[in-house]
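J.: With the sequence up front, the predicted model follows.
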Amino acid sequence: MVAEAPVLRGRGKGAARPPLRLVDVVAEEAERFPTGVPELDRVLGGGLVPASLVLVGGEPGVGKSTLLLTALGAMSRERRALLITGEESVAQVKLRAARLGGCDDVEILAETELDTVCETLERERPAVCVIDSVQTLWSSEVGSAPGSVSQVREAAARLLRVAKEAGVATFLVGHVTKDGSVAGPRVLEHLVDCVLQFEGDRFHAHRILRAVKNRFGSTNEIGVFEMTGAGLVGVPDPSELFGRTHAGEVGAAVACTLEGTRPLLLEIQALVSPTDLAMPRRVGTGVDPKRLAMIVAVLARHAGLALGGADVFVNVAGGVRIDEPGADLGIALAIASAAKGVPVREGTAAFGELGLTGRLRAPAQRDRRVEECRKLGLEPVGGETLRQALGAALSDSAN
Ligand code: TYD
Ligand code: MG
């Protein structure tokens, strides 16, 4: 194992122990195994680490159970894969499995009592186990109701120990609600090895899986899926899907962002509409509100756009959330296009971090972004300052 959890230690009677020098520590890079879902492997950092504990959070209905059952099905061909269901009955899971296909060898147990679950894992020792969901587990030693903070914490701590000792790679499903009223994955983040967040609107087909914590790899990888009638299908080339605008449409631009190691083209849409509000609204979906406020202010100050009397709305395609400054220029372009009523020049994509002085900074991994733009036949917008870039990208160059 790469890392042994500190909780395993300290069972002695308090006797002092000699520390080791790091050079003498023998640590073998753990052999990962594929989950059979390439987009999930990517987010985990190249496969599942044996005996690790992975929390998968997301709103109800986003597709957590579907994703993990698909993965269990694929893994069950090579190794023992167990599903512990507390939410759905065995029969319900069977129906879902029939829809997905390939799950015949998955073992299943409907159980919510924590001691029973732990004992079972210790005896059966499957290579991988999914607990759906951690909020349904309860221990009689903890006084409160299932789903409460203390129950969820106790369950995660016990399962962590079992995962390490019995060598079971364990996925914990955790529901998050928008208002955070249920004791959700947040209270467990420090305990587990990886936290994956499954995002997306259940009314739209696309889902984004994102690593928010990963002890064994990078945290900014994303996986993209489409929910279809036959389960979740990975989208290996999301730029193709999200990186297109309609020719001549005002208020749309293509931004090239970097998600982990993967450059991603995203359509950004903006609407600028006059308002009588003393505090005009700046509303972004998929964009950090502070970043959006900054971009609007820089546009007003350094590109002469009169946005003080207008509401500004920004939307990122596909429900993707941007948290990288390299997308600034793309966002600024979409807003400028909307404000001026001029479409962005066809066949262009934008990336660049916007400084407060209106100067553009080359973002990380510039070459890979250029490559991604070219792959889709788009030319990156050039310019050293925001004003120059707007002049180059907005067709009438009235700037
Ligand atoms: P589910 O995995 O049950 O979500 P979660 O465990 O996160 O609560 O997925 C629920 C939604 O997915 C449900 O509304 C139906 C839809 N779905 C499909 O569209 N196709 C499918 O093949 C499956 C299994 C589910
Ligand atoms: Mg579920």
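T.: In hand now; what should we look at? Ligands and ions are numbered 1, 2, ... in the order given.
J.: Which strands or helices does whichever strand in the chain runs longest pack on?
T.: Counting residues, the longest strand found in the chain (DSSP state E) is strand 262-274. Judged by 3 or more C-beta pairs under 8 Å, 6 or more residues apart in numbering; DSSP states H and E, strand 262-274 is in contact with helix 238-242, strand 252-259, strand 310-316, helix 328-340, helix 366-375. (Glycine included, C-beta is placed from N, CA and C.)
J.: Pull up the pairing partners for it, direction included.
T.: strand 252-259 (antiparallel), strand 310-316 (antiparallel) (DSSP bridges).
J.: Can you lay out those strands as JSON lines showing mean neighbour count, distance to ligand 1 and mean pLDDT?
T.: As requested, the strands paired with strand 262-274 are arranged in JSON lines below (neighbours: other C-beta atoms under 10 Å; distance: least, C-beta to the nearest ligand atom, whole Å; pLDDT from 0 to 100):
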{"stretch": "strand 252-259", "mean neighbour count": "26", "distance to ligand 1": "22", "mean pLDDT": "93"}
{"stretch": "strand 310-316", "mean neighbour count": "21", "distance to ligand 1": "22", "mean pLDDT": "95"}
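J.: Out of these, flag the one nearest G200.
T.: strand 310-316 (12.3 Å; C-beta to C-beta).
J.: I would like the residues contacting that closest one, please.
T.: Applying C-beta atoms under 8 Å, 6 or more residues apart in numbering, the external contacts of strand 310-316 come out as 266-275, 277, 280-287, 292, 296, 322, 331, 334-335, 338-339.
J.: I'd like the distance from that strand to the chain centre, please.
T.: 23 Å (C-alpha atoms, centre = their mean, to the nearest Å).
J.: Can we start the residue count at 28 from this point?
T.: Okay, using 28 as the starting number, the last item reads as strand 337-343.
J.: could you dump it to PDB, C-alpha only?
T.: Taking Å, rounded to 0.1, in the frame of the first residue of the first chain, the C-alpha atoms of strand 337-343 are listed here in PDB:
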ATOM      1  CA  ALA A 337     -27.300  45.900 -17.200                       C
ATOM      2  CA  ASP A 338     -27.900  42.500 -15.700                       C
ATOM      3  CA  VAL A 339     -25.300  40.000 -16.900                       C
ATOM      4  CA  PHE A 340     -26.100  36.300 -17.200                       C
ATOM      5  CA  VAL A 341     -23.500  33.700 -18.100                       C
ATOM      6  CA  ASN A 342     -24.000  30.000 -18.800                       C
ATOM      7  CA  VAL A 343     -21.400  27.200 -19.400                       C
END
